[in-house]
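A.B. asks: what shape does this take:
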Amino acid sequence: MEHGLRGKAALVGGASRGIGRAIVRRLVAEGMQVLGVARGGCDVPGAIGLAADLRDPAAPAEAVARAVRDFGRLDLLVNSAGATQRGDFLALDDAAWMDGYAGKFFAAIRLTRAAWPHLRASQGSVVQIAGAGGRVASADFTIGGSVNAALMNLTKALADRGVQERVRVNCINPGSIRTDRLAGRIAAAMREHGLDETGAAEFLARSAGVARFGTPEEIAAAVAFLAGAEAGYIQGAILDVDGGWIRAV
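C.D. replies: Residues are numbered from 1 along each chain as shown. Okay, the predicted model is just below:
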């Protein structure tokens, strides 16, 4: 199912792997022109890749300028960059906190600030990829949880501005998604509990209270929906795509 995105232009941060790469693939399949930005670039067929570290304060503006130059317009920004370090709060130093916020929160701020005039001109949209950890606190996920919570608040604030300027801003909270990062947790569970890969994945899923882990493609499908015409009245939404993990109202 297409979502009315054909011929439009998107910029996706964090596009080299996992969720970001799946988003690029989905948007290309929807007929969009896509610039994928990541430190390792983006090799998705049909997309333009740009190797840039979005933690660099100058990189977001340069990425937006490249997208507008190559496509002549910008209709969608997806902020999917930034993995944060897990660990005990007392063991995480200032450098870990600064890196977590630089790679995810400040990268999103700077990309959105640079893209906003172009999105306003096209009456486009922003989709933030935050995370369920922003709504469910965990002692070993203090950096990621607080960054994701900040992104959710930023979404609401920008959506308020977007009402007047015709820019839609929404946020997706992925739960546990089958990415390289989750693969590491599955491998650890295999060693700790003497399980095979399938058994370890099922064990971790049950521990989280879900039937299974999600896929990057399921997050990408949610992005396509929120960016499309059917979601034209959705503004400032926080969409949990987590298999039922978050049970709070």
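A.B. asks: now the residue lying farthest from the centre of the chain: how far from residue 143?
C.D. replies: Residue farthest from the centre of the chain, counting by CA atoms, centre = their mean, is residue 194 at 33.0 Å. According to CB to CB, to the nearest Å, residue 194 stands 31 Å off from residue 143. (C-beta placed from N, C-alpha, C; glycine too.)
A.B. asks: go on, residue 25?
C.D. replies: Counting by CB to CB - residue 25 and residue 143 are separated by 28 Å.
A.B. asks: ok, now residue 192?
C.D. replies: 23 Å.
A.B. asks: quick check: buried residues in stretch 59-67?
C.D. replies: 59, 60, 63, 64, 66, 67 (16 or more other CB atoms under 10 Å).
A.B. asks: which of the residues you listed fall within helices?
C.D. replies: 59, 60, 63, 64, 66, 67 (DSSP state H).
A.B. asks: give me every residue that touches residue 182.
C.D. replies: By CB atoms under 8 Å, 6 or more residues apart in numbering, residue 182 lies in contact with 176, 213.
A.B. asks: same thing but at 10 Å, please
C.D. replies: 18, 176, 201, 204, 213, 214 (CB atoms under 10 Å, 6 or more residues apart in numbering).
A.B. asks: surely it is in a helix?
C.D. replies: Yes: counting by DSSP: H, G, I helix; E, B strand; the rest coil, residue 182 is part of a helix.
A.B. asks: so residue 128 sits in a strand?
C.D. replies: Yes: per three-state DSSP, residue 128 lies within a strand segment.
A.B. asks: before we move on, which element is the residue lying closest to it once chain neighbours are set aside in?
C.D. replies: Spatial nearest neighbour of residue 128, excluding adjacent residues (CB to CB, 6 or more residues apart in numbering): residue 171 at 4.2 Å. Assigned by DSSP states H and E, residue 171 belongs to strand 168-174.
A.B. asks: go through that strand and flag the buried ones.
C.D. replies: 168, 169, 170, 171, 172, 173, 174.
A.B. asks: the second one and residue 19, how far apart?
C.D. replies: Read it as residue 169. 18 Å.
A.B. asks: what stretches of this structure score poorly on pLDDT?
C.D. replies: 1 (pLDDT under 70).
A.B. asks: quick one, domains of it?
C.D. replies: Segmentation of the chain into domains, based on automatic domain parsing, reads 9-176+219-239, 178-213.
A.B. asks: out of those, flag the one nearest residue 247.
C.D. replies: The closest of these to residue 247 is domain 178-213. By CB to CB, the value is 7.7 Å.
A.B. asks: hey, C-alpha coordinates of whichever helix in the chain runs longest in CSV?
C.D. replies: The helix that spans the most residues within the chain, counting by DSSP H, is helix 142-165. Output of helix 142-165 as CSV, limited to C-alpha atoms (Å, rounded to 0.1, in the frame of the first residue of the first chain):
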residue,chain,number,x,y,z
THR,A,142,19.4,6.0,32.2
ILE,A,143,21.0,7.8,29.2
GLY,A,144,18.7,6.3,26.6
GLY,A,145,15.6,6.7,28.7
SER,A,146,16.2,10.4,29.4
VAL,A,147,17.2,11.1,25.8
ASN,A,148,14.0,9.4,24.5
ALA,A,149,11.8,11.2,27.0
ALA,A,150,13.4,14.5,25.9
LEU,A,151,12.6,13.6,22.2
MET,A,152,9.0,13.0,23.1
ASN,A,153,8.7,16.4,24.8
LEU,A,154,10.4,18.0,21.9
THR,A,155,7.9,16.4,19.6
LYS,A,156,5.0,17.9,21.4
ALA,A,157,6.7,21.4,21.5
LEU,A,158,7.5,21.3,17.8
ALA,A,159,4.0,20.0,16.9
ASP,A,160,2.6,23.0,18.7
ARG,A,161,4.6,25.3,16.4
GLY,A,162,3.7,23.1,13.5
VAL,A,163,0.0,23.7,13.9
GLN,A,164,0.5,27.3,12.8
GLU,A,165,3.2,26.6,10.2
